[in-house]
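Asks: Build me a model from this:
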Amino acid sequence: MNLGYKETGYDKPTFGARNGLYEHITVEDQLGVSSDYRVPAWETKYTVDSLLQLNYHYGWSCWIGNMTGSPQYTSICTDVNVFVRDGSPGGVADILDLDSPNDMLAGIAGGKAISVAP
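Replies: From the prediction side, this is the model:
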């Protein structure tokens, strides 16, 4: 899993709850495949702790390889574009509905949650 993020700073004091220094821009989940297996398909839900009302984002299948993608990988990309809450810089990607012809991959990855932090 790869996280594209932006780090910011504050030059004014704030009080109470606020969003933090990190804006999560995009997330790319990847599962490696070999020539012995069909490319797996899955869905992902990416969740962050933010002051915004919508704190979860769903991905779509992509081959753009904007981070480390290559033809040996299948990717799910998620546009997040959300600042996370101060003191909670990470996010969590839940792998949903994994459809893999490789039983070992399905057993390892299906239903798992992956934590990501800047």
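
Asks: where does this protein have low pLDDT?
Replies: Applying pLDDT under 70 to the chain flags residues 32-40, 63-73, 99-111.

Asks: how does it look with 50?
Replies: 65-66, 69-70 (pLDDT under 50).

Asks: Show me the helices in it, by range?
Replies: 103-109 (DSSP state H).

Asks: Residue nearest the middle of the chain, spatially speaking?
Replies: Compute the mean C-alpha point of the chain, and by CA atoms, centre = their mean the closest residue is V27, 3.9 Å away.

Asks: From what I see, it and D94 are in contact.
Replies: No: using CB atoms under 8 Å as the test, V27 is too far from D94 to be in contact (11.8 Å). For every residue, glycine as well, the C-beta is placed using N, CA and C.

Asks: Need the residues touching each of the two.
Replies: Residues within reach of V27 and of D94 at once, by CB atoms under 8 Å, 6 or more residues apart in numbering, are Y46.

Asks: Ramachandran coordinates for Q53?
Replies: Backbone geometry at Q53, expressed as degrees, to the nearest 10, gives phi -70, psi -40.

Asks: ditto for K12
Replies: The phi and psi values for K12, taken as degrees, to the nearest 10, are phi -120, psi 140.

Asks: and it, how far is that from R18?
Replies: The spacing between K12 and R18, counted by CB to CB, to the nearest Å, is 11 Å.

Asks: Name the residue in these two with the higher neighbour count.
Replies: R18 (13 against 4; other CB atoms under 10 Å).

Asks: which non-adjacent residue is nearest that one?
Replies: Counting by CB to CB, 6 or more residues apart in numbering, the nearest residue to R18 once its immediate chain neighbours are dropped is D86, at 5.2 Å.

Asks: Next, the contact list for that neighbour, please.
Replies: Here D86 is in contact with A17, R18, N19, G20, L21 (CB under 8 Å, 6+ apart).
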